[in-house]
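S.K.: here's my sequence, what's the structure:
(one chain, ligands or ions: 1)
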Amino acid sequence: MKKHAIIPVFIPHEGCPNDCVFCNQKKITARTHAEEKINIDEIASRYLSTLNNPRPEILEMAMYGGSFTGLSIEKQNEYLTAAKKYKDNGIIDRIHLSTRPDYINEEILDNLKAHGVDIIELGVQSFDDEVLKLSGRGHDSSVVYESSRMIKDYGFTLGIQLMAGLPGDTPEKAVYSARETVKIAPSIARIYPTIVIEDTKLLDMYKSGEYSPLSLDEAVEISKDMYNVLFDAGINIIRVGLKSSDIINENGEIYGSTFHPAFRQLVESRIARDKIEAQLIGQKPAGAPGSGDCGTDSPVLGIYSNSRSFSNMIGMRGANRKYFEENYPGIKFKYLKDEKLPDYSYTVISLCLP
Ligand code: SF4
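M.R.: Prediction:
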């Protein structure tokens with residue numbers, strides 16, 4: 001049984017008068033008409049008809065896309081009243097929305113509370129003021145601390161979205177943003193590498209040479225470091241990278257090489273590689289030549305994970321397997337499952353013990 005499912009409601013750009021350099025909300029929400037009428041009943045009934053019995057343990061209705069609290073109060077209430085009906089009837093469990101840090105105040109939060117909203121995600125992107133300025137965000141980082149505090153004080157679940165590779169960003173600044181996020185202690189977070197898409201200022205900057213997107217490898221490395229900071233602090237990282245369905249790409253409208261449809265797996269596999277390698281480097285693994293454990297020149301090491309983390313351990317298209325073969329010649333590796341291990345945990349054990 002699926003534990004958690006989301007009824008996605010895409011609210012186009014109409015909620016946001018800003019022009020962040022990276023954003024073409026119409027592309028991201030895969031919608032072409034900002035003025036398109038959103039019919040929550042229709043969206044809900046279409047989605048609910050696809051659900052199997054029993055229903056997921058947690059069913060959320062999530063308003064994605066533009067900055068929800070930037071909509072007129074009438075528009076917000078139209079959507080929220082429709083969503084609340086499903087929550088009041090027990091059809092959904094939570095109402096989830098995303099907005100900008102500078103579109104939060106007491107009046108807005110009172111209204112969201114009155115309509116049963118549970119989760120508010122803030123599109124923070126960076127805690128570095130220079131990055132925010134160069135990205136056209138229209139606010140500085142101070143507002144993030146204040147709005148986050150208010151959201152938590154009201155008892156909402158707080159989410160924070162970060163981006164890597166924005167104009168002016170560096171690996172150090174990206175990790176700083178992750179560390180500042182930990183200080184705020186949201187319950188959930190997302191990490192998005194910056195993607196250059198059509199009809200954005202970022203594309204002009206890219207074409208003029210003013211902006212260079214991250215290579216895929218750089219994006220994976222930086223996102224990995226951010227992920228580790230958030231994960232170690234116990235923050236639930238609900239998304240890493242955009243899904244292909246988030247972007248219209250059939251016309252080749254993505255520039256640079258930063259986008260990958262399975263970006264999260266690339267990041268988690270790289271983390272797995274680091275964790276495994278930390279057990280190999282700096283110590284001669286049991287069974288390695290000269291360790292005296294095996295009495296053989298062809299030691300065999302078992303690398304273990306549980307089933308859920310197995311594909312991360314192997315790596316995308318066997319990338320980690322190839323990496324260890326190439327970098328540790330003379331050692332045979334076996335990739336094995338141990339369901340007693342927690343998720344994202346990998347252990348290396350000599351298999352040539354008596
Ligand atoms: S605030 Fe959000 S929706 Fe508005 S332009 Fe920026 S990224 Fe796009």
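S.K.: ok, and for stretch 159-173, which residues are buried?
M.R.: Gly159, Ile160, Gln161, Leu162, Met163, Ala164, Gly165, Leu166, Pro167, Asp169, Lys173 (16 or more other CB atoms under 10 Å). C-beta coordinates here come from the backbone N, C-alpha and C atoms, glycine included.
S.K.: likewise for stretch 261-277?
M.R.: Neighbour counts over stretch 261-277 (16+ other CB under 10 Å) mark 263-273, 275-277 as buried.
S.K.: closest to the ligand among those residues?
M.R.: Phe263 (18.6 Å; CB to the nearest ligand atom).
S.K.: thinking that closest one is in contact with Arg239, fair?
M.R.: No - with contact defined as CB atoms under 8 Å, Phe263 does not count as touching Arg239 (9.5 Å).
S.K.: beta partners for Ile6?
M.R.: Per DSSP bridges, the residues bridged to Ile6 are Glu60.
S.K.: hmm, it is touching His96, no?
M.R.: Yes - using CB under 8 Å, Ile6 is in contact with His96, at 7.4 Å.
S.K.: helix or strand with the lowest mean pLDDT in this structure?
M.R.: When the helices and strands of the chain are scored by mean pLDDT, DSSP states H and E, helix 25-28 comes last with a mean of 56.
S.K.: before we move on, the earlier item: export the buried residues of stretch 261-277 to JSON lines and tack on secondary structure, pLDDT and distance to Ile151?
M.R.: Listed next are those as JSON lines, based on DSSP: H, G, I helix; E, B strand; the rest coil; pLDDT from 0 to 100; distance: CB to CB, whole Å:
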{"residue": "Phe263", "secondary structure": "helix", "pLDDT": "96", "distance to Ile151": "27"}
{"residue": "Arg264", "secondary structure": "helix", "pLDDT": "97", "distance to Ile151": "25"}
{"residue": "Gln265", "secondary structure": "helix", "pLDDT": "97", "distance to Ile151": "31"}
{"residue": "Leu266", "secondary structure": "helix", "pLDDT": "97", "distance to Ile151": "31"}
{"residue": "Val267", "secondary structure": "helix", "pLDDT": "98", "distance to Ile151": "27"}
{"residue": "Glu268", "secondary structure": "helix", "pLDDT": "98", "distance to Ile151": "28"}
{"residue": "Ser269", "secondary structure": "helix", "pLDDT": "98", "distance to Ile151": "33"}
{"residue": "Arg270", "secondary structure": "helix", "pLDDT": "98", "distance to Ile151": "32"}
{"residue": "Ile271", "secondary structure": "helix", "pLDDT": "98", "distance to Ile151": "29"}
{"residue": "Ala272", "secondary structure": "helix", "pLDDT": "98", "distance to Ile151": "33"}
{"residue": "Arg273", "secondary structure": "helix", "pLDDT": "97", "distance to Ile151": "36"}
{"residue": "Lys275", "secondary structure": "helix", "pLDDT": "96", "distance to Ile151": "33"}
{"residue": "Ile276", "secondary structure": "helix", "pLDDT": "96", "distance to Ile151": "38"}
{"residue": "Glu277", "secondary structure": "helix", "pLDDT": "94", "distance to Ile151": "39"}
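S.K.: would you turn those into JSON lines with distance to Glu326?
M.R.: Formatted as JSON lines, these follow (distance: CB to CB, whole Å):
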{"residue": "Phe263", "distance to Glu326": "24"}
{"residue": "Arg264", "distance to Glu326": "25"}
{"residue": "Gln265", "distance to Glu326": "20"}
{"residue": "Leu266", "distance to Glu326": "18"}
{"residue": "Val267", "distance to Glu326": "21"}
{"residue": "Glu268", "distance to Glu326": "21"}
{"residue": "Ser269", "distance to Glu326": "16"}
{"residue": "Arg270", "distance to Glu326": "16"}
{"residue": "Ile271", "distance to Glu326": "19"}
{"residue": "Ala272", "distance to Glu326": "16"}
{"residue": "Arg273", "distance to Glu326": "12"}
{"residue": "Lys275", "distance to Glu326": "18"}
{"residue": "Ile276", "distance to Glu326": "14"}
{"residue": "Glu277", "distance to Glu326": "12"}
